[in-house]
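Student: Fold the stuff below for me.
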Amino acid sequence: MNEQQPSYWNFGWVLIMIVVVSIVQIPLSFMMHGTGLQRGLWAAGYLLGFAVAIGIGIWIFRRVQPLHWQRLTGQDWLLMIKGYAFVVVVEIILSITNAVFFGETSTKNNTLIANIMGHSTLTLVMLSITAVLASPILEELTFRGILMKGCFPAKMFWLPVIVSGVIFSLVHQSDNVISWLVYALMGGTFAYIYRKTDKLQTTIILHGFNNLIAVTAMIASLH
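Tutor: Numbers count the residues shown, from 1 in each chain. Presented below is the predicted three-dimensional model:
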């Protein structure tokens, strides 16, 4: 199936990838207990799981859109910069709102990540690596590439952008509407940029950079 033949049946592939995205995180809980050898083996399995998951994602993505590499243009980079600036402003505003109405200084998802990172050097290193280098690829393949290319016609713009943002937010364990909006607007921004550029590397780079800044801030707060 190519990009001219989207199908709502491809939501099945999206559901499979959502399950895969969840499964690859399982070794983290085992990585926090046991002997050094056991934790090391779980860490290796954690990285291997991401490699396999990304491979599955690429295979599915190639079914909905034959891979064709396009170089990023100056306009692409400018749109990415504007998109990131928008995400930062939204996060600042919603973080203040979250603190005022719900007394939370961080989203539930970020708090959970920070707690796991603070457990040991091993979990800190593993989460840092995957958050910056692996999760952006896996999640962009799932919530932008496969979902938007596989399930919606190319002429359709806002509906796939909105759906992508909503589903992206649903998997990030929000505990209130403000936290949910943080991820919905972030995912929607990534989706908007992907629809505008038709280049998945734009959102992978943007997602990875966003996670890099977040992880750096978490590490700084832990130390």
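
Student: Now the helix or strand residue 129 falls within: buried residues?
Tutor: If you go by DSSP states H and E, residue 129 is part of helix 121-129. Within helix 121-129, the residues scored as buried using 16 or more other CB atoms under 10 Å are 122, 123, 124, 126, 127, 128, 129. In this view, the C-beta of every residue, glycine as well, is placed from N, C-alpha and C.

Student: And for stretch 26-37?
Tutor: Buried residues in stretch 26-37, counting neighbours by 16+ other CB under 10 Å, are found at 27, 28, 31.

Student: for this structure, what spans make up the strands?
Tutor: Counting by DSSP state E, one finds no strands in the chain.

Student: Centre of it to the edge, which residue is at the far end?
Tutor: In terms of distance from the mean C-alpha position of the chain, residue 35 ranks first, at 31.0 Å (CA atoms, centre = their mean).

Student: Ramachandran coordinates for that residue?
Tutor: Main-chain dihedrals, residue 35, degrees, to the nearest 10: phi -70, psi 170.

Student: shaky segments in this structure?
Tutor: Scanning the chain for pLDDT under 70 picks out the ranges 1-6, 67.

Student: Enumerate every residue touching the residue positioned nearest the centre of it.
Tutor: When CA atoms, centre = their mean is applied to the chain, the residue found nearest the centroid is residue 139 (4.1 Å). In this structure, residue 139 makes contact with 21, 168, 207, judged by CB atoms under 8 Å, 6 or more residues apart in numbering.

Student: Perfect, that will be all.
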